[in-house]
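Student: no sequence for this one, just the structure:
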């Protein structure tokens, strides 16, 4: 990654949980000319290589075993063939260095363009806010295609000279073993992973006493879960992170000293972040305890969405970046995240577009109508739920497993509905639009 930066290139990290088809879309959309694949994901990528039209050279990183394919150049061998001289390039502060994909609410992911300034600003902001210490031993359990894992976690801790431990997957057993083995002092992950850690049957067998700092974010942490964590790690300092890919990571933080009285809050702005609440008319809401959309300014904000001027213009209405999240401030200026303005589902720390899932389900010949919503779940925080109206001739013949199996052919595992509910009708407004909020109320009552 840093080599790409040095060469004045643009690094595009891709989620390894995606299907080959989804990976190919991001490769082509970003117009990536070099493709670097770890051999663990070779089979998934191989079947879609012909779809990656922009790629001119393919490299394979043989970490576990070795892949023999003449289409690929061995990464380590390629490195040896180049000079050790510094690239003859000057990286300017405004130059783009990252394109990170976020699913948003549309059916196709959007490429977020982050500049050198974006990444530096976020890193400095995170270092100041977290009071980072070079003696820290931090475990990175989140995939590095996430801003929380890369621009908030790894890069700032590399800058200060901390000890960084990267594990290949967010596995509870592996996390516990690594904390004990390396005496990890800092661990940050998503609420679903913290829930899994708390519920691990052998949790008490591991020595986790080295942990001094705990971070959480990417989705809302249930207060009851947070209380249990505070009991288990009673000596640790807790940090709640709120932010987005478009803002290079974190803009608001709940600090350790606030965790005794403000557990349900997201926190306050960081050093480079300007955060306001805005109404639908573009007016900033100055009154406390009034809900509005969270809007942000600052040097860490993205340039825009790659090759998507329409979405970029919409995101920066009234000269503020619009998060799409609703929030409220209390009398002490603490901001609380309320809910998504649109139909984004956050399940297990991953963003899932309801529209994307609906488009796939509509392909099923038995489906008349479908609405996809997120319902509360003790493990996943929100569980992707498909509410389906079947065509008359298929009623009683198609069951939940049929829809789930169908979705697995087209969607990544974290996007596949974990529940399918069959109804005879869906609630609609006078114009015929499905009222998802009303649908959620019906489902929660039942």
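Tutor: Nice, thanks for sending it over. Source: prediction; values computed, not measured.
Student: residue contacts, residue 25?
Tutor: By Cβ atoms under 8 Å, 6 or more residues apart in numbering, the contact list for residue 25 reads 108-109. Glycine gets a C-beta too; all of them are placed from N, C-alpha and C.
Student: For it, give me the pLDDT.
Tutor: On pLDDT, residue 25 comes in at 92.
Student: so which strand or helix has it?
Tutor: Assigning secondary structure by DSSP states H and E places residue 25 in helix 20-29.
Student: Which strands or helices does the helix or strand following that helix pack on?
Tutor: With elements assigned by DSSP H and E, the helix or strand that comes after helix 20-29 is strand 34-38. Here strand 34-38 is seen to pack against strand 57-61 when contacts are counted using 3 or more Cβ pairs under 8 Å, 6 or more residues apart in numbering; DSSP states H and E.
Student: So which elements touch the helix or strand following the strand it packs on?
Tutor: For strand 57-61, the succeeding helix or strand toward the C-terminus, using DSSP H and E, is strand 72-74. Identification of packing neighbours for strand 72-74 by 3+ Cβ pairs under 8 Å, 6+ apart yields strand 57-61.
Student: Show me which residues of the strand it packs on are buried.
Tutor: 58-61 (16 or more other Cβ atoms under 10 Å).
Student: got it, and stretch 168-184?
Tutor: For stretch 168-184, using 16+ other Cβ under 10 Å, the buried residues are 170, 172, 175-176, 178-179, 184.
Student: Quick one: those as TSV, columns for pLDDT, secondary structure and distance to residue 7 too.
Tutor: Shown next, in TSV, are these (pLDDT from 0 to 100; DSSP: H, G, I helix; E, B strand; the rest coil; distance: Cβ to Cβ, whole Å):
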residue	pLDDT	secondary structure	distance to residue 7
170	83	coil	30
172	92	helix	38
175	96	helix	34
176	97	helix	39
178	98	helix	32
179	98	helix	36
184	98	coil	33
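Student: mind listing what residue 54 touches?
Tutor: 27-28, 30-33.
Student: For the residue nearest to residue 416 when sequence neighbours are not counted, grab phi and psi.
Tutor: Nearest residue to residue 416, sequence neighbours excluded (Cβ to Cβ, 6 or more residues apart in numbering): residue 407, at 4.6 Å. The phi and psi values for residue 407, taken as degrees, to the nearest 10, are phi -60, psi -30.
Student: wouldn't residue 407 be in contact with residue 419 here?
Tutor: No: checked against Cβ atoms under 8 Å, the pair residue 407 and residue 419 is beyond contact range at 11.8 Å.
Student: shared neighbours of the two, anything?
Tutor: Joint contacts of residue 407 and residue 419 (Cβ under 8 Å, 6+ apart) are residue 386.
Student: And those two? Which one has more around it.
Tutor: It is residue 407, of residue 407 and residue 419, that has more neighbours when counted by other Cβ atoms under 10 Å, with 22 against 15.
Student: check contacts around that one.
Tutor: 357, 360-361, 386, 415-417.
Student: And for residue 307?
Tutor: Contacts of residue 307 (Cβ under 8 Å, 6+ apart): 29, 111.
Student: quick one: pLDDT of it?
Tutor: Listed pLDDT for residue 307 reads 95.
Student: thinking again about what came up before, from the contacts of residue 54, which two are the most distant?
Tutor: 28 and 33 (11.2 Å; Cβ to Cβ).
Student: Counting neighbours, what do you get for residue 7?
Tutor: Other residues close to residue 7 by other Cβ under 10 Å number 13.
Student: scratch that, residue 3
Tutor: So residue 3, with other Cβ under 10 Å, has 11 neighbours.
Student: Now the helix or strand hosting it: average pLDDT?
Tutor: Assessed by DSSP H and E, residue 3 sits inside helix 2-6. If you average the pLDDT over helix 2-6, you get 93.
Student: Then stretch 292-303?
Tutor: pLDDT averaged over stretch 292-303 gives 97.
Student: Stretch 75-83 too?
Tutor: 89.
Student: Please point out which parts of that stretch sit buried.
Tutor: residue 75.
Student: now residue 370, which residues is it bridged with?
Tutor: residue 388 (DSSP bridges).
Student: wouldn't it be in contact with residue 385 here?
Tutor: No: the pair residue 370 / residue 385 is not scored as a contact, 10.7 Å apart, by Cβ under 8 Å.
Student: which residues of the stretch 251-400 of the chain fall in strands?
Tutor: For the stretch 251-400 of the chain, applying DSSP state E, counting those that start in this stretch gives strands covering 252-254, 268-269, 274-278, 292-297, 304-305, 321-329, 335-340, 344-347, 350-353, 367-377, 381-390.
Student: Could you pick out the buried ones from the contacts of residue 407?
Tutor: Buried subset of the contacts of residue 407 (neighbour count, 16+ other Cβ under 10 Å): 357, 360-361, 386, 415-417.
Student: Any chance of those residues in a markdown table with distance to residue 295 and pLDDT as columns?
Tutor: Converted to a markdown table, the buried ones among the contacts of residue 407 look like this (distance: Cβ to Cβ, whole Å; pLDDT from 0 to 100):
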| residue | distance to residue 295 | pLDDT |
| --- | --- | --- |
| 357 | 28 | 88 |
| 360 | 32 | 90 |
| 361 | 33 | 92 |
| 386 | 32 | 97 |
| 415 | 28 | 93 |
| 416 | 33 | 96 |
| 417 | 32 | 97 |
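Student: which ones among those residues are found in helices?
Tutor: 357, 360-361 (DSSP state H).
Student: Break this protein into its domains for me.
Tutor: 2-85, 114-340, 344-445 (automatic domain parsing).
Student: count of neighbours near the nearest residue to residue 27 once chain neighbours are set aside?
Tutor: In space, and not counting its chain neighbours, residue 27 is closest to residue 52: 4.7 Å by Cβ to Cβ, 6+ apart. A count of nearby residues for residue 52, using other Cβ under 10 Å, gives 18.
Student: Please apply the same query to residue 365.
Tutor: 9.
Student: so how far is residue 407 from it?
Tutor: Distance, residue 365 to residue 407, using Cβ to Cβ, to the nearest Å: 14 Å.
Student: now do residue 375
Tutor: Counting by Cβ to Cβ, the gap from residue 375 to residue 407 is 17 Å.
Student: just residue 172 next, same as before
Tutor: For residue 172, the distance to residue 407 - Cβ to Cβ - is 26 Å.
Student: Next up, the contacts around residue 153.
Tutor: When the contact criterion is Cβ under 8 Å, 6+ apart, the partners of residue 153 are 138, 140, 142, 188.
Student: Do I have it right that the first one meets residue 186?
Tutor: Yes: under the contact definition of Cβ under 8 Å, residue 138 touches residue 186, with a separation of 4.2 Å.
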